[in-house]
Structures are given as structure tokens and as C-alpha cells.
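> Could you work out the structure for the sequence below:
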Amino acid sequence: QVQLVESGGGLVQAGDSLRLSCAASGRTLSNYRMGWFRRPSGKEREFLGSIRWDIGSTFYADSVKGRFTISRDHTKNTGYLQMNNLKPEDTAVYYCTAANRLGPTYEYWGQGTQVTVSS
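Numbering: from 1, shown residues only. Below is the predicted model of the structure:
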């Protein structure tokens, strides 16, 4: 079992930056990839990107490529989502999740953290 806890959300202004953290516990993530999703109020969940924990390679959705950066500190078993030049349309609940790197399914989810961007 993997437990994930997000932190770092809050209220910011358009153009600001924010870094979300996702602390993992229960087991090392060396055989996993960590993904980040968001769900705006009343809308579908959106995939943002992922990082392969063992080698640090990343993949991003086109919608956030160039503004968002995913990283991890494997010594702290913590992943990060750095968000720059935030826009009001980035307002959502943000989730981190983990999947076995050999499979497609994100099995473990954090509780989510709210990010609100005011104009």
C-alpha cells in the first residue's frame, strides 16, 4: 500500500507560482510513477503529467507543458508539481497519484489540495 498526502495548495493571484508537494509513505516508489491530475469544479478530471520515480523522466500534457514542472526527491519520498504563471483556469483540486511503472492504472491517490487562482 502507498499513502499519498498533498500539500501546498492555496489562494494565489494570476501570474503567481505555487509548488505542490506529495509525500509518499508505505513503500518506496522506485517501481512506480507518480502522476498529477486536477479536477476543476464541475468538470472532468484532467491528467497533467507524470514522473518515473526511478529515473526521473517526465511526461506532460500539452495543456501545461512549459508552465508546470514535475520533480521528485527520492531521499524524501516526495514528489513536486511546480506551477508557474498561474491562470484563473488553473483553479482546481489537484491530486497526486501513483501507478506501478509497468502498468497503466493509477492505484493510489492523495486526498487532493485546492488551488484557487484569482484574476
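> Show me what the most centrally placed residue in the chain is bridged to.
Here the mean C-alpha position of the chain is nearest to the C-alpha of W36 (Cα atoms, centre = their mean), at a distance of 3.1 Å. With DSSP bridges applied, the residues forming beta bridges to W36 are G49, C96.
> for P88, phi and psi?
With angles defined as degrees, to the nearest 10, P88 sits at phi -60, psi -30.
> neighbours around it, how many?
11 (other Cβ atoms under 10 Å). The way it works is simple: take the backbone N, C-alpha and C, and place the C-beta from them, glycine included.
> from here on, count from 5
Renumbered: residue one is now 5, and that last one reads P92.
> Please tell me how far it sits from G46.
Plainly put, P92 is 15 Å away from G46 if you go by Cβ to Cβ, to the nearest Å.
> G70 now?
Separation of G70 from G46 (Cβ to Cβ): 26 Å.
> Please enumerate the strands of this structure.
Counting by DSSP state E, the chain has strands at residues 7-11, 14-17, 22-29, 36-43, 50-56, 62-64, 72-77, 82-87, 96-104, 110-113, 117-122.
> Dump those strands into TSV; add mean pLDDT as well.
Shown next, in TSV, are the strands of the chain (pLDDT from 0 to 100):
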stretch	mean pLDDT
strand 7-11	96
strand 14-17	98
strand 22-29	97
strand 36-43	97
strand 50-56	97
strand 62-64	97
strand 72-77	97
strand 82-87	98
strand 96-104	96
strand 110-113	94
strand 117-122	98
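> if we can go back for a sec, residues touching the residue nearest to the centre of the chain, list them.
Going by Cβ atoms under 8 Å, 6 or more residues apart in numbering, W40 touches 24, 26, 51-54, 72, 74, 83, 85, 98-101.
> Can you tell me the closest non-neighbouring residue to G13?
Ranked by Cβ to Cβ, 6 or more residues apart in numbering and with sequence neighbours excluded, the top spatial neighbour of G13 is T117, at 3.4 Å.
> List the residues that contact that neighbour.
Taking Cβ under 8 Å, 6+ apart as the criterion, T117 is in contact with E10, S11, G12, G13, L24, V97, Y98.
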